[in-house]
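Colleague: Next input, structure requested:
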Amino acid sequence: MGFRDLKTPAGLQVLNDYWHLADKSYIEGYLPSQADVAVFEAISDPPPADLCHALRWFNHIKSYEKEKVSLPGVKKSLGKYGPASVADTTGSGAADAKDDDDIDLFGSDVEEESEDAKRLLEERLAQYESKKAKKPAVVAKSSILLDVKPWDDETDMTKLEECVQSIQADGLVWGSSKLVPVGYGVKKLQIQCVVEDDKVGTDMLEEQITAFEDYVQSMDVAAFNKI
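Modeller: Numbers count the residues shown, from 1 in each chain. The predicted structure is shown next:
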């Protein structure tokens, strides 16, 4: 089905209820892309305040307006994005469903209450449980947008960003970044990262970033979304 007319209240409601937008920052994936640009350009005005997911996404993508041409991906038509008319048939969900469907727990040969039928059912149940046990555990991840503030307008922002991205940890991946004007010639660094929740927290990030005290005055979390 995909998105339709996003200039109407009904279209904006569909955008707000889109499952990928309810707990993530972007239309597709974990970083801004041409998918966000295509949907953003189809909206004439900011969504109303009661459509909180759509409004949060709109304001966030608006901050990338100057960089939208350089965002990754290939822009497609609006209808190629958004809720599908049928259940998702791609990715791990479909693979899991296929694995489960491969095992027919109640085939025609178990209709009769015989010893052979019972044995066959037990074998299939054992196969089913074995496949379930082999499926990897889901790793909880979050997408975090950080604001890193320098001391003043004389701070070397290139060096500041190099310091921030020099922080390496298992479960931490740095994403896109940009400089955002604060006032009086001062700019802050706004940088995206994806973390594994069990390995990297905001307290650890703040401690390591503010350790570069020659460049960094403070660090704030601008946005935090579970993936």
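
Colleague: Could you pull out the buried residues of stretch 17-31?
Modeller: Buried residues in stretch 17-31, counted by 16 or more other Cβ atoms under 10 Å: 18, 20-21, 24-27, 29-31. For the C-beta atoms, the positions are set from N, CA and C on the backbone; glycine is no exception.

Colleague: The most centrally placed residue in the chain and Ser143, how far apart?
Modeller: The C-alpha lying nearest the average C-alpha coordinate of the chain belongs to Tyr30 (Cα atoms, centre = their mean; 3.5 Å). Applying Cβ to Cβ, to the nearest Å, the value for Tyr30 to Ser143 is 5 Å.

Colleague: Give me the common contacts of those two.
Modeller: Common neighbours of Tyr30 and Ser143 (criterion: Cβ atoms under 8 Å, 6 or more residues apart in numbering): 24, 194, 227.

Colleague: Secondary structure element holding the first one?
Modeller: Spelled out, that is Lys24. Here Lys24, judged by DSSP states H and E, is contained in no helix and no strand.

Colleague: Surely it touches Ala223?
Modeller: No: Lys24 is not in contact with Ala223 according to Cβ atoms under 8 Å; the separation is 10.8 Å.

Colleague: Quickly list what's touching both of the two.
Modeller: Listed contacts common to Lys24 and Ala223 are Ser143; contacts here mean Cβ under 8 Å, 6+ apart.

Colleague: next structured bit after the lowest-mean-pLDDT helix or strand in the chain?
Modeller: The helix or strand of the chain with the lowest confidence, counting by mean pLDDT, DSSP states H and E, is helix 91-101 at a mean of 45. Later in the chain than helix 91-101, the nearest helix or strand by DSSP H and E is helix 115-134.

Colleague: Just the buried positions in that following helix, please.
Modeller: When burial is assessed from 16+ other Cβ under 10 Å, helix 115-134 yields the following buried residues: 124, 128.

Colleague: what's downstream of that helix, the next helix or strand?
Modeller: Counting by DSSP H and E, the element after helix 115-134 in chain order, helix or strand, is strand 141-150.

Colleague: Quick check: can you name the pairing partners of that next one and their directions?
Modeller: Strand pairing for strand 141-150, determined by DSSP bridges: strand 186-196 (antiparallel), strand 216-226 (antiparallel).

Colleague: Return the distance of the helix or strand Val164 falls within from the chain's centre.
Modeller: Per DSSP H and E, Val164 falls inside helix 157-165. Offset of helix 157-165 from its chain centre (Cα atoms, centre = their mean, to the nearest Å): 25 Å.

Colleague: and if you look at stretch 33-50?
Modeller: Taking the mean of its C-alpha atoms, stretch 33-50 sits 17 Å from the chain's own mean (Cα atoms, centre = their mean).

Colleague: got it, and stretch 187-201?
Modeller: Distance of stretch 187-201 from the chain centroid (Cα atoms, centre = their mean) equals 13 Å.

Colleague: Right, I'll leave it there.
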